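1. have a look at this fold, sequence not included:
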């Protein structure tokens, strides 16, 4: 390499550094969002005398990822840029159900599938909708979940249900969409708790009937 070539290369590098360019850019981290339940869950009264394990919902791509999804057409998914859920969509839904079931007191104990403890019951779910869409009526979010309650000892299915939540959004910005997801999560939790109370549990797990207080003479 000649002296002139070295001088030209030095000038080129100096110009790049002066302009603030870098070969390996360091972009800002994306916003990390949570599914914030916005309404209190109903109390269950007498609990089912059993521990419940809530499995992480099964989901296929792209619902199995952490991107906040929109579905502009029935055949296309898109992701909101620079924003994601704090974990994968199925984990976010699982944690919402676990927290709500614990608050309701419908079971004596509620654990996740990451807990090695044994349980009498397992809630198995499939997530087939966790996205926003814009029909003619305006922007909305959709959560679709199929539920199956399993008795672990007998492996019998005690009850099943499919729940579809459609929650209107106040706008199309990511903040408005996430806010609508929170309202949809609240509705989902309430419906799951109401459904769980109606399952045909074995007699040894059923809530004991409330007794009337003794009458005063």
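-> In hand now; what should we look at? This structure is a prediction, so every number in the text was calculated from the model and none was measured.

2. now residue 189: closest residue in space that isn't a chain neighbour?
-> Nearest residue to residue 189 in three dimensions, chain neighbours excluded: residue 100, at 3.5 Å (C-beta to C-beta, 6 or more residues apart in numbering). For the C-beta atoms, the positions are set from N, CA and C on the backbone; glycine is no exception.

3. other SSEs contacting whichever strand or helix holds that neighbour?
-> Remark: residue 100 resides in helix 89-104, with elements defined by DSSP states H and E. Judged by 3 or more C-beta pairs under 8 Å, 6 or more residues apart in numbering; DSSP states H and E, helix 89-104 is in contact with strand 48-54, strand 107-112, strand 121-133, helix 174-197.

4. what's the angle from it to strand 48-54?
-> With axes from the mean of the first three to the mean of the last three C-alpha atoms, to 10 degrees applied, the angle from helix 89-104 to strand 48-54 works out at 160 degrees.

5. state the phi and psi torsions of residue 153.
-> When read as degrees, to the nearest 10, the backbone of residue 153 gives phi -70, psi -40.

6. how about it, what does it touch?
-> Contacts of residue 153 were listed using C-beta atoms under 8 Å, 6 or more residues apart in numbering, and they are residue 120.

7. residues in contact with stretch 99-113?
-> With C-beta under 8 Å, 6+ apart as the criterion, stretch 99-113 contacts 37, 40-45, 47-56, 94-95, 98, 117, 119, 121, 189-190, 192-193, 196-197.

8. now, of the residues you listed, which are buried?
-> 37, 41-42, 44, 47-48, 50-54, 56, 94-95, 98, 119, 121, 189-190, 192-193, 196-197 (16 or more other C-beta atoms under 10 Å).

9. can you list the low-confidence ranges for the chain?
-> Within the chain, the segments meeting pLDDT under 70 span 1-29, 207-217.

10. try 50 this time
-> 3, 5-24, 211-217 (pLDDT under 50).

11. centre of the chain to the strand or helix carrying residue 165, how far?
-> Residue 165 belongs to strand 156-168 when elements are defined using DSSP H and E. Here the centre of strand 156-168 is set off from its chain's centre by 14 Å, with C-alpha atoms, centre = their mean, to the nearest Å.

12. same thing with stretch 172-189?
-> 11 Å.

13. same thing with stretch 144-161?
-> 19 Å.

14. contacting residues for the residue nearest the centre of the chain?
-> Closest residue to the average C-alpha location of the chain: residue 93 at 2.1 Å, with C-alpha atoms, centre = their mean. Applying C-beta under 8 Å, 6+ apart, one finds that residue 93 lies in contact with 35, 57, 125, 127, 130, 143, 145, 185, 188.

15. mind doing that once more with 6 Å?
-> The neighbours of residue 93, taking C-beta atoms under 6 Å, 6 or more residues apart in numbering as the test, are 57, 127.

16. any idea how far residue 32 is from the residue nearest to residue 189?
-> Going from residue 100 to residue 32 by C-beta to C-beta, to the nearest Å gives 21 Å.

17. who's more crowded, those two?
-> Set residue 100 next to residue 32 and count neighbours by other C-beta atoms under 10 Å: residue 100 wins out with 23 against 11.

18. one step back: between the helices and strands packed on helix 89-104, which gets nearest to residue 81?
-> helix 174-197 (8.7 Å; C-beta to C-beta).
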